[in-house]
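S.K.: model this:
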Amino acid sequence: MILITGATGFLGAELTHQLTATGLKVRAIKRASSKIPALLSGNQSIEWITADINEFSDLEDAFEGITKVYHCAGLVSFDPKDKLKLIRVNIEGTSNVVNLCVEHDARLVHVSSVAALGEAKKGAAITEEDFWEYNPHVHTYAISKYEGEMEVWRGMAEGLEAVIVNPSVIIGPSAGYDGSGALFKVVRKGLSFYTKGATGLVDVADVAKSMILLMDSEIRGERFTITAENMPFRTLFSEIAAGFGLKAPEKEAKPWMLGIAWRAAKLATFLTGKSFGITSDTASSSITTSEYSNEKIKNTIGINFKPLDQSIREVCAALIKNNP
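M.R.: Numbering: from 1, shown residues only. As a prediction, this is how the structure comes out:
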């Protein structure tokens, strides 16, 4: 039996959809407050279990009869106020999943992030062989994903069969305006400025497909960067604007401008209690060029990634349809 944590999330829902589309039955974990996404609504191949990965007793019941686990549950946030939540969910929650996988002799595919691979290296793409070096100025999200990985490696030392995937920025039609969908939202609202950085992006369907192929392989004790292409933010914003039929941003946002923006957002958050989505970490990331190699995953499973321009068009079309 297959268990999926974070099955109501963006990636977890796509993975669950792909698995059940082949006729497999799965057991999917959701929190009490989570809503089943439209993609999975009415799917009779899913056994839903209400549980919290930070509640060990809840998880114990969910693991009965399980032989394969996809650990998709995790918190993504660059807001400093979420530090304790990030540690609790991404590290302690992963530890619980790993311990139960070891106990039940279940094979694990763990979803990490390129944030756990380390900082950008000038003139070279980041690979799975790069070592993460601790930096007190690195955002807590990166630290939490790295430490979460360490829990998986610890499990491997105890006999766990596991593979780790490190996706770059995941995009897809079902994200809406949440997560990576925020990029599309800000462009659709009218974006005049672009930033000088670059990052890797990948379609959510390709991430799920890669995870399934890795789970069904004989591979163990390895990690794989999952990314389709590296794209400058200027190109990304221009592609999104084109998808919405809008004018592309033409002005470069200088570092000092971003510094003012995140400080103003911090003050506004303090005064109103409402998060404005801009932090020193997101501002810094937007001017950093972080490129990732996908050679290992392509050579291992032979995947052909969907072109990013196609993915971007599909996301824009879905947003226009669902949010006229």
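
S.K.: Buried residues, stretch 158-167. List them.
M.R.: L160, E161, A162, V163, I164, V165, N166, P167 (16 or more other Cβ atoms under 10 Å). In this view, the C-beta of every residue, glycine as well, is placed from N, C-alpha and C.

S.K.: meant to ask about stretch 221-228
M.R.: By 16+ other Cβ under 10 Å, the buried positions in stretch 221-228 come out as R223, F224, T225, I226, T227, A228.

S.K.: so where does I29 fall, helix or strand?
M.R.: strand 26-30 (DSSP states H and E).

S.K.: Select the helix or strand of the chain having the lowest average pLDDT value.
M.R.: Ranking every helix and strand in the chain by mean pLDDT, DSSP states H and E puts helix 255-272 at the bottom, with a mean of 37.

S.K.: Packing partners of the helix or strand hosting I320?
M.R.: Using DSSP H and E, the element containing I320 is helix 308-322. In this structure, helix 308-322 makes packing contacts with strand 169-171, helix 181-188, strand 198-203, helix 233-243, judged by 3 or more Cβ pairs under 8 Å, 6 or more residues apart in numbering; DSSP states H and E.

S.K.: please redo it, this time with the cut-off set to 10 Å
M.R.: strand 169-171, helix 181-188, strand 198-203, helix 204-215, strand 229-232, helix 233-243 (3 or more Cβ pairs under 10 Å, 6 or more residues apart in numbering; DSSP states H and E).

S.K.: pLDDT on the last one, on average?
M.R.: The predicted model assigns helix 233-243 a mean pLDDT of 91.

S.K.: And that helix, what does it pack against?
M.R.: strand 169-171, helix 181-188, strand 193-194, strand 198-203, strand 229-232, helix 308-322.

S.K.: Name the nearest residue to R88, ignoring sequence neighbours.
M.R.: N54 (5.9 Å; Cβ to Cβ, 6 or more residues apart in numbering).

S.K.: Let's see the pLDDT reported for the spatially closest residue to I171 that is not a sequence neighbour.
M.R.: Leaving aside its sequence neighbours, I171 sits nearest to S180 (Cβ to Cβ, 6+ apart; 4.9 Å). We note a pLDDT of 84 for S180 in this prediction.

S.K.: correct me, but S180 touches P173?
M.R.: No - in this structure S180 lies outside contact range of P173 using Cβ atoms under 10 Å: 11.3 Å.

S.K.: Compare these two and say which one has the larger neighbour count.
M.R.: Using other Cβ atoms under 10 Å as the criterion, S180 and P173 rank with P173 on top: 20 against 17.

S.K.: Just to check, the more buried one is in contact with V315?
M.R.: Yes - using Cβ under 10 Å, P173 is in contact with V315, at 5.3 Å.

S.K.: Show me the common contact partners of these two, please.
M.R.: Between them, P173 and V315 share these contacting residues under Cβ atoms under 10 Å, 6 or more residues apart in numbering: G181, D203, V204.

S.K.: Quick check on the residues you listed: which are buried?
M.R.: Counted by 16+ other Cβ under 10 Å, the shared contacts of P173 and V315 give G181, D203, V204 as buried.

S.K.: Among those residues, which one sits closest to E129?
M.R.: D203 (24.8 Å; Cβ to Cβ).
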